[in-house]
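Participant: following is a predicted model, sequence given first.
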Amino acid sequence: MKRGRRGGFTLIELLTTTGILSILIALALPAVQSAREAARRSTCLGNLRQIGIALQSYEALHHAFPPALTSQKRHDGADATPGVDYFGKFSFLLRLLPHLEQSPVFAAINFDVGCDFMDGLGTGEPSAPYSGFPQNTTAYTTTLAAFLCPSDGSPPARGAVNYRGCTGEGGEYITSAEFPDSANGVFPIFGRVSSARIPDGLSHTVAVSERLRGSLAAGPSATRDALPLQSLAMTADDFLTACRIAARPDGPPISFTGNGRWWAVTGLGMTLYSQTQPPNGRVPDCLMLAGAAVGMTTARSHHPGGVHALMADGSTRFVLDSIAPPTWRALGTRNGHELAD
């Protein structure tokens, strides 16, 4: 009696089917990853737009954008004074909390004490017990989704931030004959800027952009962290050259891995940046100190090809990495009288 034949795949058919499935999966994965990144990018942009609405609301109420620095000596939000107030104090983002539906966090902050509790170099982590300011620990270590971009990819530490205010094109905290390119953005370290003080036009001036958070314990990383600034720099080109020198193979190692560690703290290591080089520029950033008012911090993101930018009028745009350096610098100044679009 003949045995019945069992249906099934031959080895060749099985291998062929497996190969076809592998190809289909390989083709589908980039599409899935792209869709996920598109969703993350949309969230990042939505957060930036909310910050833009908050800035407009603050400016309408106070007739100026929030100051980049407020010391506990001037806890009413008035202008900080060079030589009197000092670095590492309250950021402009902290002033926006009531306009971002975060009034409870804002109310929990004691403005009679400071927030300069991170180490001067290194990870930006607080020294115990928060350098004598434990009254504000709960508020400062609150993680706020509105200040985080999910495209960053790294797990956010408590109180971290991805959005930075533009100080201008240079890396110093004042504008003078020696430092002509500095403190000419919407958020200079000292002083407050109103719409009337932006003659270049609100829609032609970047107020806020993105910056990858520091690598912390996972570091160091040339795109996330910062080298120590060791060369004298005055103009924007000087700062770019100084960071390029610091990045030489025989230069100093990366010392600051705490970029964007605290949304409550001002400085180029935390909530400010300069438009010295185009987004995601090849030259690593360099800072004098962790919460520094001196150095170069570049707009950076993991979005393919560029970064989101919030203009002073509240509109947003995506700026390509390939933007001409003079155009990017022009967009970072409020009073350079350049024609930039």
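Facilitator: The structure has been received and is ready for your questions. Residues are numbered from 1 along each chain as shown.
Participant: name the nearest residue to the residue nearest the centre of the chain, ignoring sequence neighbours.
Facilitator: Geometric centre of the chain, nearest residue: R211, 3.0 Å, by CA atoms, centre = their mean. Closest residue to R211 apart from its sequence neighbours, by CB to CB, 6 or more residues apart in numbering: R164 at 4.8 Å. C-betas here are computed from N, CA, C, even on glycine.
Participant: I'd like to know how far the one you found sits from F187.
Facilitator: R164 sits 9 Å away from F187, going by CB to CB, to the nearest Å.
Participant: hey, what's in contact with both of the two?
Facilitator: The overlap between the contact sets of R164 and F187 (CB atoms under 8 Å, 6 or more residues apart in numbering) consists of L272.
Participant: quick one: I20 from R41, how far?
Facilitator: Distance of I20 to R41, computed by CB to CB: 32 Å.
Participant: of those two, who's got more company?
Facilitator: A direct count of neighbours by other CB atoms under 10 Å for I20 and R41 places R41 higher, at 19 against 10.
Participant: isn't F187 right up against Q275?
Facilitator: No: F187 lies out of contact with Q275 (CB atoms under 8 Å); the separation is 11.6 Å.
Participant: pull out the buried positions in stretch 50-61.
Facilitator: Neighbour counts over stretch 50-61 (16 or more other CB atoms under 10 Å) mark Q50, I51, G52, A54, L55, Q56, Y58, E59 as buried.
Participant: restricted to helices, list those.
Facilitator: Using DSSP state H, the members of the buried residues of stretch 50-61 that fall within helices are Q50, I51, G52, A54, L55, Q56, Y58, E59.
Participant: reformat those as a markdown table; add pLDDT and distance to T297.
Facilitator: Converted to a markdown table, these look like this (pLDDT from 0 to 100; distance: CB to CB, whole Å):
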| residue | pLDDT | distance to T297 |
| --- | --- | --- |
| Q50 | 98 | 22 |
| I51 | 98 | 18 |
| G52 | 98 | 20 |
| A54 | 98 | 22 |
| L55 | 98 | 20 |
| Q56 | 97 | 25 |
| Y58 | 96 | 23 |
| E59 | 96 | 24 |
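Participant: what about A38, which SS state?
Facilitator: With DSSP: H, G, I helix; E, B strand; the rest coil as the basis, A38 sits in helix.
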